[in-house]
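Enquirer: With the input below, show me the fold.
(4 chains)
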Protein chains: 2
Amino acid sequence: MATIYDVAKKAEVSSKTVSRVINGDSKVKESTRELVLEIMRQLDYRPNQQARQLRLGGKSGIGLLLEDPDSGYQTRFQSAMLHAAMEAGRYLSVELFTHLQDNWKTHLSRFIKDSNISDLILLPTQCDFGPLRDFLRENNVNCVLISPTHLDNDFVSIAMDERLAAREITEYLINIGHRKIAHISGHPDHAASLLRRQGFYEAFEKHNLPRPRDEYVVQSDFQFKTGLKIAEELLNTDDLPTAIFACNDETAAAACSAAHKRGLRIPEDMAIVGFDDVYLATAIWPSLTTVRQPYLEMARRSISVLAHMREKSSESDVQLRHVLPYSIIERESSSLSPKGEI
Amino acid sequence: MATIYDVAKKAEVSSKTVSRVINGDSKVKESTRELVLEIMRQLDYRPNQQARQLRLGGKSGIGLLLEDPDSGYQTRFQSAMLHAAMEAGRYLSVELFTHLQDNWKTHLSRFIKDSNISDLILLPTQCDFGPLRDFLRENNVNCVLISPTHLDNDFVSIAMDERLAAREITEYLINIGHRKIAHISGHPDHAASLLRRQGFYEAFEKHNLPRPRDEYVVQSDFQFKTGLKIAEELLNTDDLPTAIFACNDETAAAACSAAHKRGLRIPEDMAIVGFDDVYLATAIWPSLTTVRQPYLEMARRSISVLAHMREKSSESDVQLRHVLPYSIIERESSSLSPKGEI
DNA sequence: AACTAAATTGTCATCGATGTCATTTTAAAT
DNA sequence: ATTTAAAATGACATCGATGACAATTTAGTT
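Expert: The predicted structure is shown next:
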């Protein structure tokens, strides 16, 4: 394993000069730079990260906290982060985290200190846990919040417009002819639940249609199991809705199951749409029409914002709120002839 | 941030002594050890990992290579690794890896060198990619293979008995009265496919039952989409099987969809069982009876074996093959009154 | 009390990089 | 040709830990 000294010796320059080349320092004569680069290539030299970081006091990894790594949303987001990190030549350190663990503070500081990360990414809903925010603020952790409920001038947030997306997918249902549309909404503590429901109602207002009756708007909690029970209750009526907008794909999958149980065909008898575009959306039949979160874009933006923040540190030219564009993916669960991609 | 010198000064000992305490060196008087520990606690001292590793030439993270982070199996395994790593006070660095990428070697060496990992964990099917194994061998990477197809005296493998599990779940179907059982098998390149099919046949032999006819044993590739098509073909007959053993849960989910499409009730008209026990197994209706892979146990074992290997290095007392016990989880897809847990 | 071996502790160099500041080289200006 | 400022390079200390080995303390023996 070649070191900076091996390179220096072979190139007949000082280690400092090699260091300058590595770090793109401008004060190196072009000819020596090329020489050094050539030797580095010959020796297949790569800087020792530990030494580098010891000196710089820095770490280089990106930390991602997961509350439930099996959840579709978190899996998808992580997947996107892995791609984005690869593009940026960085590495991802993943850690389980729940504020329910009583020693979460110790646990988190250990992770931050010991695991070689310089930045942290927080997903919903932990990004809205107050004491966690205080902790991050106090410890000056370089982080971004993904789709937080509460905005805050101390933290950069990266999100999509949930309400608009909800409105748009509801309008889509209206446009293909549905009028009796039900909505299964998510966990009440989750900001997304409220926003998505608001968007749902807005679609009707915008089209000058009557607000759906209250029995058509029910409360679940984003989970399949609960969703199944709720959907069964919802469909236990003679006056069935012709479409359901579920708060997320898991719940939409549950709605499909409930509909099938009751002998309804999808989408002929009932259209069902979800939200998030997780793996599950294409691992069931029929595949789900849904709103695709801009996972990859969010991941890329997170990385670039974090880097920017680390440089500018406390300067004020860091954009605080980032809103990225979503898209609607049409699949089998709402249309006999899907136009969208898989 | 307190350093070893701060501790040494306050405790009025040398930094070396503090170092000894940190590393559990025996040659420290009990009283001084306690004193030092107390001061460490007071200052909330934690060793600087970079410095430590610079000196020790070591890294501390565990690397996990994922080919498809959205796949149920990989998600579940990662999830288990996160738990096991937490228990062991270690951290997980996750990286996308596919040998289809043409510069996979560079990519992998960079990951290993730059991302602070000391160990590597390989999942199927990349653990069976020959050139990758050669690379790991040549570069002396400390790693374990999870459920590899090809055994090899240079690598430690951690697996479950796929064939026995397949046999057992087939026997379960036989025991609850099924005789006409179909099997949708996995991708032919995947060792698990063969083993699971073998196990399937063995169950019939053991019970002195005729081998299922060839039309009942079809080939898919572990993916939902393919599985759906195959299952539809399988069920497009008048002489329906009464049960299906699918090679994995995704395929079982596809079989459920195909059955529903054809108006069959599960499990009344047809029982369906899967394999792996991934998230999907309980995110569809009916929930799937399946074989639970010993994810957590595999993860824990991986960590302990890796640590052991690093110590013993080339010594021969490292157990090469580890086979861990699976379990069968009975759920709604095969039984009207499931006995198993969720 | 003196001696010795064992137990404990300390000194200093080192890992591989970068920062500070001094030194040398280069090129432009007189 | 000499001076001078700028550009390029290098010497050395440093980051926070541990290893090798030296020095000291302790306790046991005679």
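
Enquirer: so what's residue A:202 up against?
Expert: Shown in contact with residue A:202 (Cβ atoms under 8 Å, 6 or more residues apart in numbering or on different chains): A:163, A:166-167, A:170. Where C-beta positions appear, they are placed from N, C-alpha and C, glycine not excepted.

Enquirer: Could you pull up phi and psi at residue A:119?
Expert: The phi and psi values for residue A:119, taken as degrees, to the nearest 10, are phi -130, psi 160.

Enquirer: just the one 4 residues further on next, same as before
Expert: Backbone geometry at residue A:123, expressed as degrees, to the nearest 10, gives phi -100, psi 160.

Enquirer: again with the one 4 residues further on
Expert: Residue A:127 adopts backbone torsions of phi -70, psi -10, taken as degrees, to the nearest 10.

Enquirer: and the gap between it and residue B:334?
Expert: Using Cβ to Cβ, to the nearest Å, residue A:127 is found at 41 Å from residue B:334.

Enquirer: Give me the more crowded residue out of those two.
Expert: Remark: of residue A:127 and residue B:334, residue B:334 carries more neighbours, 27 against 23, as counted by other Cβ atoms under 10 Å in any protein chain shown.

Enquirer: Find the residue closest to the residue in the stretch 101-250 of chain A that DNA strand D sits nearest to in space, skipping its chain neighbours.
Expert: Of all residues in the stretch 101-250 of chain A, residue A:113 sits closest to DNA strand D, at 10.0 Å by Cβ to the nearest atom of the strand. Spatial nearest neighbour of residue A:113, excluding adjacent residues (Cβ to Cβ, 6 or more residues apart in numbering or on different chains): residue B:46 at 5.7 Å.

Enquirer: buried set for stretch A:322-339?
Expert: A:322, A:324, A:326, A:328-335, A:338 (16 or more other Cβ atoms under 10 Å in any protein chain shown).

Enquirer: How about stretch A:232-250?
Expert: Buried, per 16+ other Cβ under 10 Å, within stretch A:232-250: A:232, A:234-235, A:240-241, A:243-250.

Enquirer: Which parts of chain A belong to which domain?
Expert: Chain A breaks down by automatic domain parsing into domains covering A:4-157+A:299-324, A:162-292.

Enquirer: Which one of those has the poorest average confidence?
Expert: Among the domains of chain A, domain A:4-157+A:299-324 carries the lowest mean pLDDT, a mean of 85.

Enquirer: That one: how far from the chain's middle?
Expert: Offset of domain A:4-157+A:299-324 from its chain centre (Cα atoms, centre = their mean, to the nearest Å): 17 Å.

Enquirer: distance of residue A:330 from residue A:278?
Expert: 16 Å.

Enquirer: swap in residue A:246?
Expert: Taking Cβ to Cβ, one finds residue A:246 at 12 Å from residue A:278.

Enquirer: again, but for residue A:222
Expert: For residue A:222, the distance to residue A:278 (Cβ to Cβ) stands at 11 Å.

Enquirer: what sits in contact with each of the two?
Expert: A:248, A:250.

Enquirer: With neighbour numbers in mind, choose between these two.
Expert: Each of residue A:222 and residue A:278 has its neighbours counted (other Cβ under 10 Å); residue A:278 has more, 27 against 24.

Enquirer: Can you name the residues that contact the residue lying closest to residue A:308 once chain neighbours are set aside?
Expert: Among residues not flanking residue A:308 along the chain, residue A:318 sits closest, at 6.4 Å (Cβ to Cβ, 6+ apart). Neighbour list for residue A:318: A:156, A:305, A:308-309, A:312 [criterion: Cβ under 8 Å, 6+ apart].

Enquirer: Let me know the closest of those residues to DNA strand D.
Expert: Checking those against DNA strand D by Cβ to the nearest atom of the strand gives residue A:309 as the nearest, at 22.7 Å.

Enquirer: so how far is the host helix or strand of residue A:303 off the chain centroid?
Expert: Residue A:303 is part of helix A:295-312, with elements assigned from DSSP states H and E. Distance, stretch centre to chain centre, for helix A:295-312: 12 Å (Cα atoms, centre = their mean).

Enquirer: go on, stretch A:203-211?
Expert: 31 Å.

Enquirer: With stretch A:175-189 instead?
Expert: Using Cα atoms, centre = their mean, the mean C-alpha position of stretch A:175-189 is found 23 Å from that of the whole chain.

Enquirer: got the contact list for that stretch?
Expert: By Cβ under 8 Å, 6+ apart, the list of residues contacting stretch A:175-189 reads A:125, A:170, A:173-174, A:192-194, A:196-197, A:200, A:209, A:212, A:216-222, A:227, A:230-231, A:234, A:239-248, A:251, A:255, A:271, A:334-335.

Enquirer: Can you list the buried residues in that stretch?
Expert: Buried residues in stretch A:175-189 (16+ other Cβ under 10 Å): A:178, A:181-187.

Enquirer: My guess is residue A:247 contacts residue A:191. True?
Expert: No - in this structure, residue A:247 is not within contact of residue A:191 by Cβ atoms under 8 Å, at 11.8 Å.
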